[in-house]
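Asker: model this:
(one chain, ligands or ions: 2)
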Amino acid sequence: MSYVKNVLEQVKEKNQSQPEFIQAVSEVLPTLEPVFTKHPEYEKAALLERLVEPERVVMFRVPWVDDKGNVQVNRGMRVQYNSAIGPYKGGLRLHPSVNLGIIKFLGFEQVFKNSLTGTPIGGGKGGSDFDPKGKSDNEVMRFCQAFMSELYRHIGPDTDVPAGDIGVGAREIGYLFGMYKKLTNQYCGILTGKGLEYGGSLARKEATGYGLIYFMKEVIEAKGKSFKDATVVISGSGNVAIYATEKAQEYGAKVVALSDSNGYIYDPDGIKLDIVKDIKEVRRGRIKEYADTVKGAEYHEGCSGIWTIKCDIALPCATQNELNEESAKVLVKNGVYAVGEGANMPTTIEGTGVFQSSGVLFAPGKAANAGGVATSALEMSQNSLRLPWTFEEVDQKLHQIMINIYKQCEQACKEYGCEDNFVAGANIAGFTKVASAMMAQGIV
Ligand SMILES: NC(=O)C1=CN([C@@H]2O[C@H](COP(=O)(O)OP(=O)(O)OC[C@H]3O[C@@H](n4cnc5c(N)ncnc54)[C@H](O)[C@@H]3O)[C@@H](O)[C@H]2O)C=CC1
Ligand SMILES: O=C(O)CCC(=O)C(=O)O
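Answerer: Ligands and ions are numbered 1, 2, ... in the order given. Below is the predicted model of the structure:
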């Protein structure tokens, strides 16, 4: 058995109750075989055994009091995965499904993604099984304060810089920042995705969605295709989905569907984004309300039906494993030619296999959605400089970073003979830099 296969077997053995983590590692490791063949010294340094194990996992209780005066207890965690190329960096997720295996899969992905951005950030991820849905602002604030009252001792602007993810937006970042400042008496860039009034960066809110479209533009234009007049289906209706829709529309695409965890909307005339923003960003409502407002739009219960809509480009931007083998086959049958992951690991391994074997251009999340964390790194730079950049400056840097990520993936594919396999390209390109840094830093 090869070294890589052996390590993968160990990961499966040791983490049996963490299916998402095993899935993420199983997607990455086999694609790294040729790198290990080229670098036998990595095996001697047990590089892979060290890479798959987080440097540190912190798990803690989060007690808070709800509006009725009842004490609630959630579980909080932060996985500080790898700091070879910079301080740990990655979002916080608040969702009832959060568990250690999910946060580990996200942290593992983040290591490669952050490396691809070309900025000096290591990988981490955190969160809690707290469900912000249906909670009052005061309850969310008390939860965030309780969460930070433990987390603050493990993070720092040069140690670990969290940000948002599912369920964590500007409101939550504000409450977390306020508590960190109170506890430490320090005003610093401890979180990214901050409000513009207190150290946030212009274009961070838009960055993941815009970055996805910038990346996909490179992918499809290399094959003579364009967003102009393309029919696009996007799942989710949160931060990533909304701004992917905005940029795709700006490039002339017709986005015909969006979803949330209850169901999806189909608007054959093209989604009216101002209505979605009002529902989701202002009123925190359900996507169903769109069909109540817009004539000719349909609402369907259930999430996976969105993939039965005929489209040229599909962009899963909601959550992990939302696009399975069966849905992938339907998309292929309906003529999809490109799929770009705005979410983290939204496609199952089998679904990815269907796209790849059908010649569909498939862009994995760790490359395609890296624009968010890349812009977080730009926010950190602005915080260190104590100077804000204009929207245009940040957006232009983001665009260039996404082009560079595309080029790195393409280059790795060429070098290792896996042309157009962006999964392998992204894994190899992301891994190479982290591996060199780990080798240079000795056995730590
Ligand atoms: N916000 C960011 O900067 C980045 C986010 N991501 C990833 O993008 C994905 C979405 O994150 P955000 O937009 O930030 O979160 P969000 O909380 O703003 O939105 C998530 C959306 O997905 C929907 N959703 C949840 N489960 C669903 C399901 N099973 N089917 C359909 N819709 C579902 C929710 O209703 C919500 O509309 C996640 O996988 C996240 O890890 C990746 C890179 C950066
Ligand atoms: O901006 C960040 O630090 C976090 C982004 C994130 O969580 C992700 O890339 O999945």
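
Asker: Look up phi and psi at the residue in the stretch 201-350 of the chain that ligand 1 sits nearest to.
Answerer: Among the residues of the stretch 201-350 of the chain, Gly238 lies nearest to ligand 1; the distance is 1.7 Å by CB to the nearest ligand atom. C-beta: built from backbone N, CA, C; applies to glycine. Main-chain torsions, Gly238, degrees, to the nearest 10: phi -100, psi -160.

Asker: repeat for Val79
Answerer: phi -100, psi 110.

Asker: what's near enough to touch the closest residue to Thr347 other than its chain neighbours?
Answerer: Spatial nearest neighbour of Thr347, excluding adjacent residues (CB to CB, 6 or more residues apart in numbering): Leu323 at 4.6 Å. Residues counted as contacts of Leu323 (CB atoms under 8 Å, 6 or more residues apart in numbering) are Ser235, Ser304, Trp307, Ala314, Pro316, Val339, Pro346, Thr347, Thr348, Gly351.

Asker: Hmm, the fifth one is touching Asn344, no?
Answerer: Meaning Pro316. No - using CB atoms under 8 Å, Pro316 is not in contact with Asn344; the gap is 10.0 Å.

Asker: between these two, who's got more neighbours?
Answerer: Pro316 (29 against 26; other CB atoms under 10 Å).

Asker: which residues touch the more buried one?
Answerer: By CB under 8 Å, 6+ apart, Pro316 lies in contact with Ile234, Ser235, Gly236, Glu322, Leu323, Val339, Glu341, Gly342, Ala343, Pro346, Thr347.

Asker: let's go with 7 Å and repeat that
Answerer: Ser235, Glu322, Leu323, Glu341, Gly342, Ala343, Pro346, Thr347 (CB atoms under 7 Å, 6 or more residues apart in numbering).

Asker: Same check on Ile349?
Answerer: Gln23, Ser26, Glu27.

Asker: Pick out whichever of these sits closest to Lys182.
Answerer: Gln23 (39.2 Å; CB to CB).

Asker: Just give the number of residues close to that closest one.
Answerer: 17.

Asker: Can you name the helix or strand that it falls in?
Answerer: According to DSSP states H and E, Gln23 maps onto helix 19-28.

Asker: Show me what secondary structure element comes after that helix.
Answerer: helix 33-38.

Asker: and the gap between the residue nearest the centre of the chain and Asn138?
Answerer: The chain has Asn344 as the residue nearest its centroid, 4.5 Å off, counting by CA atoms, centre = their mean. Distance of Asn344 to Asn138, given as CB to CB, to the nearest Å: 30 Å.

Asker: got it, and Ile173?
Answerer: Distance from Ile173 to Asn138, by CB to CB: 17 Å.

Asker: what about these two, which has more around it?
Answerer: A direct count of neighbours by other CB under 10 Å for Ile173 and Asn138 places Ile173 higher, at 23 against 11.
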